[in-house]
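Student: missing the sequence, but the structure's below:
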């Protein structure tokens, strides 16, 4: 039987795609570095003024900004590592560096939050320190402006990367924290409510824990190789099984190498006659199905004749 003429492809072969490879662009790196300069310079000033004003809220904000700076440094480092070509034992390159960076930032946020809680409890038990409300208001107002500028810079970067998105969310959380600190400073100046400073620091803690937990949850899914949330394996199985000539699909696995780069592998059992007549076209169909319906462009299939199924040592769903 003559092999049918190959169908025109609507998408380029996988080898020609660079979808979601985790390679940060020069624009991403430039935006991150500019935000880092802003955050780093303000961080030093806030620590000094926070100590002089005896403000726990300002020091809590500084702790949060320190993790912001760490997030930005990690993001830049991860982008540069991800650009290194694959080679030697690093067959995928170092693209997962951004996930390690995101996880480290999440841990840093939770640890910093615990330290601020300890200080807040001590302040509540011994509220003898007088907070300089005017300094708190001035520094917090400046912090709002700095974070607005840093956030605006990061909107120019690709937030599809967990690296960049993590840094962006740090900025947004810090902006909210400075707004809370600004309100606390106003209350101290107008109503002499000294505990407003401690209350604001606890609000900052809540924001830090929320952001840190989210980063740990999302990076943990990737590090533990869970199936990407956007790739429903039951639907993938149904789509592949519906292709002409496919008899069964087993050993279906999906995970993310890094944010934006899902990978899928599967054993596909096909009719023996299909395997002999149009194996290449079937492989095209399988890859196009994943790319078109699930945006998965890095896939590997083991195509097996139906007669081979009984020889599989272990077949998994």
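Tutor: Yes, it's here. Being a predicted model, the structure only gives us computed values, none of them experimental.

Student: and stretch 255-267, how far apart are its ends?
Tutor: 16 Å (CA to CA, to the nearest Å).

Student: Same check on stretch 85-105?
Tutor: End-to-end span of stretch 85-105 (CA to CA): 25 Å.

Student: List the buried residues for the helix or strand where residue 169 lies?
Tutor: Per DSSP states H and E: residue 169 is located in helix 162-191. By neighbour count, with 16 or more other CB atoms under 10 Å as the criterion, the buried positions of helix 162-191 are 162-171, 173-175, 177-189. Heads up, the C-betas are built off the backbone N, CA and C, glycines and all.

Student: I'd guessed residue 54 sits against residue 132; true?
Tutor: Yes - Residue 54 is within contact range of residue 132, at 6.6 Å (criterion: CB atoms under 8 Å).

Student: follow-up on the earlier one: what helices or strands is the helix holding residue 169 leaning on?
Tutor: With contacts taken as 3 or more CB pairs under 8 Å, 6 or more residues apart in numbering; DSSP states H and E, helix 162-191 sits against helix 26-53, helix 56-82, helix 97-125, helix 133-154, helix 195-223.

Student: can you put those helices in CSV and add distance to residue 282?
Tutor: Formatted as CSV, the helices and strands packed on helix 162-191 follow (distance: least, CB to CB, whole Å):
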stretch, distance to residue 282
helix 26-53, 38
helix 56-82, 33
helix 97-125, 34
helix 133-154, 44
helix 195-223, 31
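
Student: among these, which gets the worst mean confidence?
Tutor: For these, the weakest mean pLDDT is recorded on helix 56-82, namely a mean of 78.

Student: Please verify my assumption that residue 132 contacts residue 58.
Tutor: No - counting by CB under 8 Å, residue 132 does not reach residue 58; the two are 9.6 Å apart.

Student: neighbour count winner among those two?
Tutor: Shown here are residue 132 and residue 58; by other CB atoms under 10 Å, residue 58 has more neighbours (32 against 20).

Student: need the contact list for the more buried one.
Tutor: By CB atoms under 8 Å, 6 or more residues apart in numbering, residue 58 lies in contact with 46, 49, 50, 135, 136, 139, 140, 181.

Student: And it, how close does it get to residue 139?
Tutor: Per CB to CB, to the nearest Å, residue 58 is found 6 Å from residue 139.

Student: Please identify every residue contacting each of these two.
Tutor: In terms of CB under 8 Å, 6+ apart, residue 58 and residue 139 are both contacted by the residues 46, 49, 50, 181.

Student: Can you check my assumption that residue 243 lies in a helix?
Tutor: No - counting by DSSP: H, G, I helix; E, B strand; the rest coil, residue 243 is not part of a helix but coil.

Student: can you pull the contacts of the spatially most central residue of the chain?
Tutor: Residue closest to the average C-alpha location in the chain (CA atoms, centre = their mean): residue 162, at 2.0 Å. Listed by CB under 8 Å, 6+ apart, the contact set of residue 162 reads 98, 99, 102, 215, 218, 219, 222, 258, 259.

Student: May I ask which two of those are separated the most?
Tutor: Comparing all pairs in the contacts of residue 162 by CB to CB, the longest separation belongs to 215 and 258, at 14.2 Å.

Student: Could you identify which of the shared contacts of residue 58 and residue 139 has the most neighbours?
Tutor: residue 181 (31 neighbours).

Student: Pretty sure that residue sits against residue 204.
Tutor: Yes - if you go by CB under 8 Å, residue 181 and residue 204 touch, sitting 7.4 Å apart.

Student: Quick check: residue 173 touching residue 208?
Tutor: Yes - taking CB under 8 Å as the definition, residue 173 is a contact partner of residue 208 at 7.0 Å.

Student: on that earlier part again, which pLDDT value belongs to the residue nearest to the centre of the chain?
Tutor: On the pLDDT scale, residue 162 gets 76.

Student: From residue 82, how far off is it?
Tutor: 12 Å.

Student: Over to residue 152?
Tutor: 25 Å.

Student: Same check on residue 214?
Tutor: Distance from residue 214 to residue 82, by CB to CB: 22 Å.

Student: Look at the two and report which has more neighbours.
Tutor: Between residue 214 and residue 82, counted using other CB under 10 Å, residue 82 has the larger neighbour count: 21 against 17.

Student: measure that one to residue 29 for me?
Tutor: 11 Å.

Student: correct me, but residue 258 touches residue 98?
Tutor: Yes - using CB under 8 Å, residue 258 is in contact with residue 98, at 5.7 Å.

Student: can you count the residues close to residue 249?
Tutor: Around residue 249 there are 21 other residues, counting by other CB under 10 Å.

Student: now it, what's its secondary structure?
Tutor: Following three-state DSSP, residue 249 is assigned to strand.

Student: Who are the contact partners of it?
Tutor: With CB under 8 Å, 6+ apart, residue 249 has these contacts: 237, 240, 241, 266, 267, 268, 269.
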